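Asks: sharing a model prediction with you, sequence too.
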Amino acid sequence: MAEIKRRDFLGMTLGGVTAVGAITSLIAMKKTWDPLPSVVSAGFTTVDVSAIKEGEFFQSEWRGKPIYIIRKKADEGFDKERDFKINDSVFTLGIQICTHLGCIPIFNPDLKEFLCPCHGGKFTLDGINVKGTPPPRPFDIPPFKVDGTKIVFGEVGVEYQAMIGKA
């Protein structure tokens with residue numbers, strides 16, 4: 001067997017320590033690129049709509065944005081571009097942020113419309129901007145998936161794909 005000299009031993013030791021340091025650095029860099037668990041969990045919000053009564057307005061939050069859900073009354077019709085069904089109930093939803101200046105419009109259940117107090121922007125019950133008011137487009141629809149009587153925001157489902165294809 002070949003004899004290992006002191007200089008060779010020190011060189012191999014230094015190379016081994018360098019390799020371990022490089023691998024540890026790569027692992028640390030990857031961990032900084034991964035999103036925090038709190039960020040990942042904030043990506044999904046689940047809302048159980050079974051308790052929402054007909055004609056009722058419900059507000060929740062998804063990724064720090066206000067989300068509204070309205071269970072429509074039978075006489076309010078079905079807009080296939082903005083509404084979806086869970087069992088026999090018709091629901092409409094959207095991100096309750098004005099598409100003009102980013103304010104949060106207030107829902108008026110008597111008039112069945114959203115009113116932006118900052119500049120007079122109006123949206124219908126379905127979140128469609130009223131012509132002649134400042135908002136240039138309807139409320140945005142967040143990605144969602146229907147799971148029984150629950151709506152999971154942040155996940156793309158069949159209902160969302162049907163609405164986005166037509167909205």
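Replies: Done, it's in.

Asks: residue contacts, Thr45?
Replies: 60-63, 67, 152-154 (Cβ atoms under 8 Å, 6 or more residues apart in numbering). Placement of C-beta: from N, CA and C, glycine included.

Asks: can you tell me how far it is from Lys122?
Replies: With distances taken as Cβ to Cβ, to the nearest Å, Thr45 is found 27 Å from Lys122.

Asks: one more: Trp62?
Replies: Separation of Trp62 from Lys122 (Cβ to Cβ) stands at 23 Å.

Asks: with Phe114 instead?
Replies: Between Phe114 and Lys122 the distance, using Cβ to Cβ, works out to 7 Å.

Asks: likewise for Lys72?
Replies: 18 Å.

Asks: cool, Gly15 as well?
Replies: As defined by Cβ to Cβ, Gly15 lies at a distance of 71 Å from Lys122.

Asks: how about Pro66?
Replies: Summarising the geometry, the distance separating Pro66 from Lys122, computed by Cβ to Cβ, is 17 Å.

Asks: who has more neighbours out of the two?
Replies: Ranked by neighbour count (other Cβ atoms under 10 Å), Pro66 and Lys122 place Lys122 first, with 20 against 14.

Asks: what's the closest non-adjacent residue to the more buried one?
Replies: Counting by Cβ to Cβ, 6 or more residues apart in numbering, Val130 is the residue found nearest to Lys122 once chain neighbours are left out, at 4.0 Å.

Asks: find me the pLDDT at the one you found, would you?
Replies: Reading off the confidence values, Val130 has pLDDT 89.
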